[in-house]
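[1] The sequence isn't on hand, but the structure is:
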């Protein structure tokens, strides 16, 4: 998930969309399309449809009667989610299940207006979570029909991050189509959480990864950088130290562009803080936050701090050693996924973000400027945020009417502050993964996974098997 | 509910919208308005809103902390529903509850485009059940806000007929806003029920009301009427007997217009077959079907059958004795409610209706002509039915994920064939009312109510009290 503050405070799940293809050979699927209505909820242009892309693998389900493991695609190309949700592939043979990955409208190749999809609110206005859920419902009605005499196969929804929110909401809104949902790192309470929580958790990830000096150094670094940025000599020093690709000519190049870049990188590092090498925006080693913090393990100041920070940053920016210079303009590619999510943030996905500084977090103090955010949205997209729509539509804190959902949260994931950490009833399960980063439990099993991740996957599987059993009993 | 076959097979709840004002003095309320978005699910014209009307009575809830009894308005003027849902008024003092009645968009005075609301699909296309539910959700978010530290007051949804469908769906889709729902005579399974069930139940209502000859006479009457309609003399005889207001010049005036009128009247009589005098389209006595059938209690044929049918019909058309002639062009006023429901039938409310004749029901054989229905919709509104949308959206037969709903059905109500008659789980209650007509249990208590109706209201109240208790316990 990619949530932007005024100047892109954090970068989220989008990184996953940019995985290299190195693991894709493991995951094979047919690519299919279904015509779905542009607008499920009005009859103004009722005949307008578009092609929704989805991926299917039926090899583990030879008799066609097994359950369907259904990924509720989020803000990005669905092929990347299919290739990065190894847990579904790991359990499919055991469950004799079909795998289906549905692409979210306006992402990947599911572009309702083709290349014009992002042109204006007249087009982009059809991008919303409820329309996407209705697309998913149509897809299930199509591939898994039920009628008075037969009921469809049991369906389990899966998703991570925004996809996890959608998986939970899909079960909540369409329980007749979805038997249960595994919602991993799904911050469905982010709409009504203190804006500073993300920054606080991020700070604690950097505080405990190696020594506490790591987050203290980062906290100090902002003023140090700002001081260097205030003179031409200082700017030159920074440019030499960090090997910036572009020209650094004014203070704002540091205090805005570079600060945003750093903030994004810290968020990314925490989210992808997996116990094995991985390759997202850039290749990173196992436990990249620990590697990063290992280079900032003591109290540094001044030019030494700058040098250490540069070294630490290279974990993310130059782990291969092949990067010639540091491009701070783009902490991630600005592909359609990004601007789609920006639009969603400007309409229904209202997630205020702020930082307090002063020891409460490692960031410079930055209040949430609602008016500026709204004005920027209007300037960019012609829309303004509907602050309460997600809470009214989906419930936020109050989930007591829901059932058959597992919410899993890595406590080292900065998004966990907006997650479901307490169960409202017996039919909602919460799994906490103390050492976990962003939806690590949905990734393929790895020999380096800590016990809590293995345990979470056990809980998922037990619940899935229970839901399938319940469903089959009901079908009689 | 008013569901039309090719030529208006039946007339439904709309009758209730046309109640006389005689009982309205009992029910007092403030009339209020809330701005709601024209379209909750896209951001194409996100700033366009309209005024939704709702009614409030707070007199039984002096401390402002009591529950909210919330009527999910259906296809008609909300004031009429407020005045005809006496059960809510009867229990409000005991529960120290507020009463709120929300008007459904495109009905009553809640016209998003004013007088132009019904002009074309560009306007009428915003009429849908999901948009209406989202309006209701916005209203509750406004009048009953909750946040992280306090939760709103418990809300119980009520509705009869289409309003009952909405009450059930409101709980299903927005369980965080609605603690429980009383869904009376709510045919949420009508989308997937044999098209002949309505005619069959209607036939049995007329078979058991007095003697079985009643429905047999009706069954014979169609051929008799058709025979008379085939000659000029015969038409004159019919005109004299029935005292038709307009000219009767051709066979179709009988076999189409009059047949449709009769079919509507039989449906109406069954639905309003209450144990006390009531005044809808026309004043009728207590148990009007019994009165009707008392005049057709023996085997009649030919001209005698015609005469008896005319007498019986006067129970509905001329109970006051003041009606000069029989207007068969309008079994009910063609107000906005009707054409709004026709539009909904042409989009999402796909409820096929047919009759089989040949002893299976008392109607002439009439197959469900899907193509003609769809073509008529396209001609009239520029839209075509989406046959599966309600089942995909709301689930139809499969409600096992739902909770805290009471479905009540009068078994003498022809709509009960599409109702929920079996509970899928412990948290869904089904109440059958053997002597009950259309949502009689939601009407004000009357000394003539049969035991099964009183019993149903007891069950409702017990469940409501239990849900409120659950909710308060949850709030801690």
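    Structure's in. What do you need? Keep in mind it's a predicted model, so treat the numbers as computed, not measured. Numbers count the residues shown, from 1 in each chain, chains lettered A, B, ... in the order given.
[2] At the contact with chain B, which residues of the stretch 101-250 of chain A appear?
    Selection of the stretch 101-250 of chain A residues close to chain B by C-beta under 8 Å from any C-beta of the partner chain yields A:121-122, A:124-128, A:130-131, A:134, A:137-138, A:141, A:146-148, A:151, A:171-177, A:192. Quick note: C-beta positions are derived from backbone N, CA and C, even for glycine.
[3] try 7 Å
    Neighbours of chain B within the stretch 101-250 of chain A, by C-beta under 7 Å from any C-beta of the partner chain: A:121-122, A:125-126, A:128, A:130-131, A:137-138, A:141, A:146-148, A:151, A:173, A:175-176, A:192.
[4] Among these, which lie within strands?
    Residues of these located in strands (DSSP state E): none.
[5] PyMOL command to pick out the buried ones of the residues you listed?
    Buried residues among these (16 or more other C-beta atoms under 10 Å in any protein chain shown), as a PyMOL selection:
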select buried, chain A and resi 121+125+126+128+130+131+137+138+141+146+151+173+175+176+192
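[6] so where do the strands sit in chain A?
    Counting by DSSP E, chain A has strands at residues A:30-37, A:49-57, A:68-72, A:98-102, A:155-160, A:180-184, A:278-279, A:283-284, A:405-410, A:428-433.
[7] what are the ranges of the helices in the stretch 51-200 of chain A?
    A:78-83, A:86-95, A:121-124, A:129-143, A:162-173, A:197-208 (DSSP state H, counting those that start in this stretch).
[8] count of neighbours near the nearest residue to residue A:302 once chain neighbours are set aside?
    Leaving out its chain neighbours, the residue that sits closest to residue A:302 by C-beta to C-beta, 6 or more residues apart in numbering or on different chains is residue A:224, at 6.5 Å. A total of 20 residues lie near residue A:224 under the criterion other C-beta atoms under 10 Å in any protein chain shown.
[9] thought residue A:224 was touching residue A:304?
    No. Here residue A:224 does not reach residue A:304: they are 9.9 Å apart, not a contact under C-beta atoms under 7 Å.
[10] per-domain residue ranges of chain A.
    A:30-191+A:392-474, A:196-381 (the TED database).
[11] what's the straight distance from one end of the last one to the other?
    Its first and final residues considered, domain A:196-381 spans 26 Å by C-alpha to C-alpha, to the nearest Å.
[12] ok, now the longest one?
    For domain A:30-191+A:392-474, the first and last residues are 31 Å from each other (C-alpha to C-alpha).
[13] Distance from the chain centre to that domain, please.
    Remark: domain A:30-191+A:392-474 is offset 13 Å from the chain centroid, using C-alpha atoms, centre = their mean, to the nearest Å.
[14] And for stretch A:194-206?
    Chain-centre distance of stretch A:194-206: 16 Å, with C-alpha atoms, centre = their mean.
[15] Dump the strands of chain A to CSV, plus distance to residue B:274.
    Below are the strands of chain A laid out as CSV (distance: least, C-beta to C-beta, whole Å):
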stretch, distance to residue B:274
strand A:30-37, 42
strand A:49-57, 46
strand A:68-72, 48
strand A:98-102, 49
strand A:155-160, 44
strand A:180-184, 44
strand A:278-279, 70
strand A:283-284, 73
strand A:405-410, 44
strand A:428-433, 44
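[16] Need the winner for burial among those strands.
    The highest mean neighbour count among the strands of chain A, using mean count of other C-beta atoms under 10 Å in any protein chain shown, belongs to strand A:180-184: a mean of 32.
[17] which residues are in contact with that one?
    A:156-160, A:164-165, A:167-168, A:170-171, A:404-408, A:439, A:441-442, A:460, A:463-464, A:467 (C-beta atoms under 7 Å, 6 or more residues apart in numbering or on different chains).
[18] average pLDDT across the longest helix belonging to chain A?
    Across chain A, the helix with the greatest residue count (assigned by DSSP state H) is helix A:451-475. Mean per-residue pLDDT for helix A:451-475: 95.
[19] in it, what's buried?
    Residues of helix A:451-475 classed as buried by neighbour count (16+ other C-beta under 10 Å): A:452-453, A:456-457, A:459-461, A:463-464, A:467-468, A:471.
[20] what's the answer for stretch A:68-86, then?
    A:68-86.
[21] cool, and stretch A:295-309?
    Result for stretch A:295-309 [16+ other C-beta under 10 Å]: buried residues A:295-297, A:300, A:305-306, A:308-309.
[22] again with stretch A:102-111
    By 16+ other C-beta under 10 Å, the buried positions in stretch A:102-111 come out as A:102-108, A:110-111.
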